[in-house]
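# Here is a sequence with its predicted model. Questions after.
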Amino acid sequence: MDNDNVIVTQGLGRRFGATVAVAEIDIQVAAGEVFGLLGHNGAGKTTTVRLLNGVLTPSMGSARVLGMDPATDGPRLRRRTGVLTETPGLTDKLSARDNLTLFAEMYEVPREMVSGRVQDLLALFGLDDRADEPVGGYSRGMRQRLAIARALLHDPEIVFLDEPTAGLDPVATRQVHELITRLTQQEQRTIVLCTHNLVEAQRLCSRVAVLAHGAIVAMGTPRDLAQRLARQARLTLEVEPGDEPIVRAAVERLDRALVEATSPGELHVTGLDRERVPDLVADLVRSGARIYRLSPHEPTLEDAYFALQSDEEVTP
Amino acid sequence: MNTRAMRAIVRRDLKIVGQTKGVLLPMIVVPVLMMIVLPAVLVAVPVLVPDVASELDDLSAMLAAMPDGLRQSLIGYTPAQQWVVLTVLYMLAPLYLIAPLMVASVIAADSFAGEKERKTLEALLYTPTTDLELYAAKLLSAWLPAVAIAWIGFVLYGLVANIGAWPVMGRIYFPNLSWVLLAFWVSPAIAALGLGVSVLVSVRVSSFQEAYQLGAVVVVLVVGLMIGQISGVIYFSVGLVAVLGAILWLAAAATLWVGSQSFQRGQVLARL
């Protein structure tokens, strides 16, 4: 391994005919990190996971995962990685217990540990009371939890989670988030999280890479990305009740900014370019608005993401 | 070879087959018809119809059109015995091959195209198996039951043939060497060929039904053998059965090899 990095790629890419699914990406993921892969559908997240597990061979570049080359050491590598695929891929005709037991065999979990490990995971994911029913009768959330349990059967060192909370209710989503936190903080597992959910990424990921058209367009901690890339500010303004029309008029003079009154004298301004904030304040003062409070909000990963996406739309 | 993972894949596929009526039903109905009902009806004819000897006089006209070897093998039998030997040992022989062929085709269609249809294949691709282990496990999960059914069918066929025809034959006449070869040399081969064709078809279609229907095209081969025998062009002699088995093994090896070339993880994913 490259120091503490469990994943290192150099110019890793994959083409399908003329289509570039992943374009020469360079990433390093440290042990114990939650690394997010963000992007629209078709941005290259799933293909990247496939390349890193030796399920697809690269068209260009190389990767080292846990010190192995996925292209040549795929079977050996997959003993040490676990993957939650985008669709749960469970066998509906079989029970949850059978689904897990058979995969535990495939992942070569020691025989004497199989039933205990399966039972522990069923209990952990709240499925033990319906463990012997066919999975076909499960809700979407239960299926997703079972698929995550399957990815953890063999105690993998790196867990790839492709949209782990898609279709989950808030309680199950929280359980998954807590599980991810526990896996990294207490068990030192590395997580690669593919997600559309930017709030989830901001909350869980130590670093993220934003993919667009197969290429990495930004990479860093969610906070760094937000501060570096988010060009639009969000503000809360408190003015003298009755001065709201002055604020509305001033905001309307600015491109793309929106204002919304939340209570008498309090307004939220969104979509405002950061460099126009002083202009807005000056305009309000000139117009005679009595300002009691102006609170800028910390930019979020979501702000950064949409800033990047708008760049992509301008320069496809 | 990761045999433990392969065994788990086989067990999983067989469990799915056991739970899927659309797959299980033809696997039971066709062998029962071909290996129990049909021979039972045919051996019952001379037993249940006492004056069948006169009806069977026409048999000599039919026999006249048969190859020499077949005629020679029937010398010394009464017309009723000739009926039993001709139908049970020769005419039904090609039909016996339908069961292993069909069982292999139907399971392979489910195991390859069905898995694709159910979107359960990708999770298997992430297991620590090589492409070859995964492919071999999937083949075994279809081939083993097909051969098992062929061999169980062989035993049941023998019981029906010998017990049912006992009043006419008065001795155990089944199996002859051709049938032993048919059961242990040809039926595993035709199951493998059915499997190979189903794999090739499954790669190109997206549903179990399509794969099963197209994969069943190999039945044409069996029908051809049957017509050839009824019309007197060929008969299931030891030599013919041995050669037939060799040809089927070669054809199976070729189709399975071609199938293995398209069963590489990257290609499989591209078709999901």
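Yes, it's here.

# So which elements touch the helix or strand that contains A:Val171?
Assigned by DSSP states H and E, A:Val171 belongs to helix A:170-185. When contacts are defined as 3 or more C-beta pairs under 8 Å, 6 or more residues apart in numbering or on different chains; DSSP states H and E, helix A:170-185 packs onto helix A:140-152, strand A:190-195, helix A:198-204. Where you see a C-beta, it was placed from the backbone N, CA and C, and this is true even at glycine.

# Which one of those lies nearest to chain B?
Chain B lies closest to helix A:140-152 among the helices and strands packed on helix A:170-185, at 7.1 Å (C-beta to the nearest C-beta).

# Helix A:170-185 and the closest one, what's the angle between them?
Per axes from the mean of the first three to the mean of the last three C-alpha atoms, to 10 degrees, the angle that helix A:140-152 makes with helix A:170-185 is 10 degrees.

# list the helices and strands helix A:140-152 packs on?
When contacts are defined as 3+ C-beta pairs under 8 Å, 6+ apart, helix A:140-152 sits against strand A:81-84, helix A:96-106, helix A:111-124, strand A:158-162, helix A:170-185.

# Which residue, neighbours along the chain excluded, lies closest to the residue of the stretch 101-250 of chain B found nearest chain A?
Closest residue of the stretch 101-250 of chain B to chain A, C-beta to the nearest C-beta: B:Ala123 (3.8 Å). Among residues not flanking B:Ala123 along the chain, A:Gly89 sits closest, at 3.8 Å (C-beta to C-beta, 6 or more residues apart in numbering or on different chains).

# SS state for the one you found?
Three-state call for A:Gly89 (DSSP: H, G, I helix; E, B strand; the rest coil): coil.

# who in chain B is up against chain A?
Neighbours of chain A within chain B, by C-beta under 8 Å from any C-beta of the partner chain: B:2, B:4-5, B:7-9, B:11-12, B:15-16, B:19-20, B:118-130, B:133, B:265-266, B:269-270.

# Return the subset of those lying in helices.
B:4-5, B:7-9, B:11-12, B:15-16, B:19, B:121-125, B:133, B:265-266, B:269-270 (DSSP state H).

# Out of those, which end up buried?
B:5, B:7-9, B:11-12, B:15-16, B:19, B:121-125, B:133, B:265-266, B:269 (16 or more other C-beta atoms under 10 Å in any protein chain shown).

# Could you list the low-pLDDT ranges of chain B?
B:50-58 (pLDDT under 70).

# The residue most central in space within it is in what secondary structure piece?
Of all residues in chain B, the one closest to the mean position by C-alpha atoms, centre = their mean is B:Pro100, 2.7 Å from it. Using DSSP H and E, B:Pro100 maps to helix B:98-109.

# Output that helix as CSV - backbone C-alpha positions only.
Output in CSV follows, covering the C-alpha atoms of helix B:98-109 (Å, rounded to 0.1, in the frame of the first residue of the first chain):
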residue,chain,number,x,y,z
ILE,B,98,-35.3,-35.2,-24.3
ALA,B,99,-35.4,-35.2,-20.5
PRO,B,100,-31.8,-34.4,-19.8
LEU,B,101,-31.7,-32.0,-22.7
MET,B,102,-34.8,-30.2,-21.5
VAL,B,103,-33.8,-30.1,-17.8
ALA,B,104,-30.4,-28.7,-18.7
SER,B,105,-31.9,-26.1,-21.0
VAL,B,106,-34.5,-24.9,-18.6
ILE,B,107,-32.2,-24.6,-15.7
ALA,B,108,-29.5,-22.9,-17.7
ALA,B,109,-32.0,-20.4,-19.2
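
# quick one: low-confidence ranges for the stretch 51-200 of chain A?
In the stretch 51-200 of chain A (pLDDT under 70), no residue qualifies.

# and it, which residues reach chain B?
A:53-57, A:74-79, A:81, A:83, A:85, A:87-94, A:98, A:102-103, A:105-108, A:134, A:147, A:150.

# Just the buried subset of the residues you listed, written out for PyMOL, thanks.
For the buried members of these, the matching PyMOL selection, counting by 16+ other C-beta under 10 Å, is:
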select buried, chain A and resi 53+54+55+56+74+75+77+78+79+81+83+85+87+88+89+90+91+93+94+98+102+103+105+106+107+108+134+147+150
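
# In contact with the nearest residue to B:Leu200 once chain neighbours are set aside, which residues are there?
Nearest non-adjacent residue to B:Leu200, counting by C-beta to C-beta, 6+ apart: B:Gly259, 5.5 Å away. B:Gly259 is in contact with B:135, B:196, B:199-200, B:203, counting by C-beta atoms under 8 Å, 6 or more residues apart in numbering or on different chains.

# hmm, which two among those are most spread apart?
B:Tyr135 and B:Leu200 (12.6 Å; C-beta to C-beta).

# Those two: which is more packed in?
Set side by side, B:Tyr135 and B:Leu200 show more neighbours around B:Tyr135, with 22 against 18, by other C-beta atoms under 10 Å in any protein chain shown.

# Output the one helix or strand B:Gln81 maps to as CSV, restricted to C-alpha atoms.
Assigned by DSSP H and E, B:Gln81 belongs to helix B:79-84. Provided in CSV are the C-alpha atoms of helix B:79-84 (Å, rounded to 0.1, in the frame of the first residue of the first chain):
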residue,chain,number,x,y,z
PRO,B,79,-44.4,-60.7,-32.6
ALA,B,80,-45.4,-59.5,-29.2
GLN,B,81,-41.9,-59.7,-27.9
GLN,B,82,-40.7,-58.0,-31.1
TRP,B,83,-43.1,-55.1,-30.4
VAL,B,84,-41.7,-54.7,-26.9
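
# neighbours around A:Tyr138, how many?
A:Tyr138: 19 neighbours (other C-beta under 10 Å).

# residues contacting it?
Counting by C-beta under 8 Å, 6+ apart, A:Tyr138 has contacts A:96, A:130, A:146.

# show me what contacts the first one?
The one in question is A:Ala96. Contacts of A:Ala96 (C-beta under 8 Å, 6+ apart): A:122, A:127, A:130-133, A:135, A:138, A:146.

# circling back: surely the residue nearest to B:Ala123 is in contact with B:Leu121?
Yes - A:Gly89 is in contact with B:Leu121 according to C-beta atoms under 8 Å; the separation is 7.4 Å.

# Leaving out the residues flanking it, which one is nearest to the residue in the stretch 101-250 of chain A positioned nearest to chain B?
At 3.4 Å from chain B, A:Glu105 is the closest residue in the stretch 101-250 of chain A, using C-beta to the nearest C-beta. Spatially, and ignoring its direct neighbours in sequence, A:Glu105 is nearest to B:Ala8 (3.4 Å; C-beta to C-beta, 6+ apart).

# Enumerate every residue touching the one you found.
So B:Ala8 contacts A:102-103, A:105-106 (C-beta under 8 Å, 6+ apart).

# residues touching the residue of the stretch 101-250 of chain A closest to chain B, list them.
By C-beta under 8 Å, 6+ apart, the neighbours of A:Glu105 are A:114, B:4-5, B:7-8, B:11.
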